[in-house]
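Student: Here is a sequence with its predicted model. Questions after.
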Amino acid sequence: MKKKLGLMLSTAVLAIGLVACGGGSQSSTTETDPSLDAKVETKTMRAGIGLNDQHPQYKGLLKFKEIVEEKTEGAIKVETYHSGQLGDDRTMIEGLQLGSQEITIPSTAVIANFVPEFAVFDIPFLFPNEEVADAVLGGEVGEGLLDKLAAQNLVGLGYWENGFRDLTNSVRPVATAEDFRGLKIRTMENQLHLEAFRALGANPTPMAFTELFAAMQQKTVDGQENPYSTIYLQKYFEVQEYVSNTHHIYSPWTFLVSKPFFDGLTPEQQEIVTEAAYAAGAYQREMNREAGAEYLANLQEEGMIFTEITPEARQEMVDLVQPVIEKFTDQIGRETVEAVFDAVAEAQK
Ligand code: TK8
């Protein structure tokens, strides 16, 4: 009798739990635990990213999966989908809001379409190096921006590293701003990126990451800009000839979880998922940097022609994009822009 009452209670609690976290959501299933004769609710986190399974972004996601499944003893299962299998960044963010997936790790540039303040990280030449980027993103300013995601039904659990973005193209070597003239460059879907490349003299086209390789292959665009890791691991050397170390933007990714799903987790599960996201982010950043120098050498071995951007040429680019930064400061939020620039200055002391 006692056992039956226990089973009834645990089933009742389970039923309340299911209703609390959205009931029949596809992300929650119940399995019978033979050892306890009680129904143990397992939850599934469908995680989609844009990069392929060779990239540190995916290796970081596998680390997240390993930690969460181990620490929750299988109560939370993580399904991983790479190479845009669940869609491009914008589609996957909407998937979190609609409940068709639970995790994605998009560029802040695309998040800016949902939370305008995130465009602050698209300000060209904002971060001088990775150490300053780490200090700002991991500090009060970066964490404060994550809090703004809640209004979009999203939870931000730290920043991962996409890295410094560099230009490639199939037309000519680019050594100065003059060399950008007329190049059809794919940019992320972000107005600031678009106008910054216009200011440099290029002819930019916003495009989802998932369409980029084909666009370069069909010469719909002449070039693109991404970190060396992406250029190499996505095999852009097969469709691009020239690469320059423009290092024009340090691009973060943000680890996003669906807020309705996150709110349905137990406090202990929320802590495990949060800690796993930050730990996997640190793991991914370290892996990205360890291999960083090799990627450019690999690109040259694959036949790409590398052009060094001199400090003078880079300064000319900085000067050309200043009016764009001014124009977007109010759209991003003057307070946010000033706070980020102050944090950058503080991190360099
Ligand atoms: C991958 C994108 C990519 C980004 C881009 O999902 O779109 O060029 O740099 O990393 O987020």
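Tutor: Received the coordinates, thanks. All figures in this text were calculated on a predicted structure; none of them were measured in a lab. Numbering: from 1, shown residues only.

Student: residue contacts, the residue of the stretch 151-300 of the chain found nearest the ligand?
Tutor: Here the residue of the stretch 151-300 of the chain nearest the ligand is residue 209; by CB to the nearest ligand atom that distance is 3.5 Å. Backbone N, C-alpha and C define where each C-beta goes, glycine included. Listed by CB atoms under 8 Å, 6 or more residues apart in numbering, the contact set of residue 209 reads 50, 84, 88, 89, 188.

Student: Give me the most central residue, this structure.
Tutor: residue 253 (2.5 Å; CA atoms, centre = their mean).

Student: Apart from its neighbours in sequence, what residue is nearest it?
Tutor: Once flanking residues are discounted, residue 253 sits nearest to residue 160: 4.3 Å by CB to CB, 6 or more residues apart in numbering.

Student: does the one helix or strand the one you found maps to come close to the ligand?
Tutor: For residue 160, the element it lies in under DSSP states H and E is strand 154-164. Yes: Strand 154-164 reaches the ligand (CB under 6 Å from any ligand atom) through residue 162.

Student: Pairing partners for that strand, with directions?
Tutor: When pairs are called by DSSP bridges, strand 154-164 turns out to pair with strand 250-258 (antiparallel).

Student: between the host helix or strand of residue 280 and strand 154-164, how many degrees?
Tutor: Assigned by DSSP H and E, residue 280 belongs to helix 267-301. Between the axes of helix 267-301 and strand 154-164, defined by axes from the mean of the first three to the mean of the last three CA atoms, to 10 degrees, the angle is 20 degrees.

Student: what's the following helix or strand after helix 267-301?
Tutor: Sequence-wise, the next helix or strand downstream of helix 267-301 (DSSP H and E) is strand 305-307.

Student: neighbouring contacts of that next one?
Tutor: Outside strand 305-307, the residues that touch it by CB under 8 Å, 6+ apart are 173, 174, 175, 241, 242, 243, 244, 245, 296, 299, 300.

Student: Can you report how many residues neighbour the residue nearest to the fourth one when sequence neighbours are not counted?
Tutor: Nearest non-adjacent residue to residue 241, counting by CB to CB, 6+ apart: residue 170, 5.0 Å away. A count of nearby residues for residue 170, using other CB atoms under 10 Å, gives 17.

Student: mind checking pLDDT for residue 170?
Tutor: Per-residue pLDDT puts residue 170 at 98.

Student: now residue 291
Tutor: At residue 291, pLDDT is 87.

Student: how about the residues of the stretch 101-250 of the chain near the ligand?
Tutor: Neighbours of the ligand within the stretch 101-250 of the chain, by CB under 6 Å from any ligand atom: 106, 107, 162, 188, 209, 226, 230.

Student: Switch those residues over to a markdown table; also include secondary structure and pLDDT.
Tutor: Shown next, in a markdown table, are those (DSSP: H, G, I helix; E, B strand; the rest coil; pLDDT from 0 to 100):
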| residue | secondary structure | pLDDT |
| --- | --- | --- |
| 106 | coil | 98 |
| 107 | strand | 97 |
| 162 | strand | 97 |
| 188 | coil | 96 |
| 209 | helix | 98 |
| 226 | strand | 98 |
| 230 | helix | 98 |
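
Student: Angles on the backbone of the nearest residue to residue 289 once chain neighbours are set aside, please.
Tutor: Excluding its sequence neighbours, the residue lying closest to residue 289 (CB to CB, 6+ apart) is residue 130, at 6.8 Å. Phi and psi for residue 130, reported as degrees, to the nearest 10, are phi -70, psi -30.
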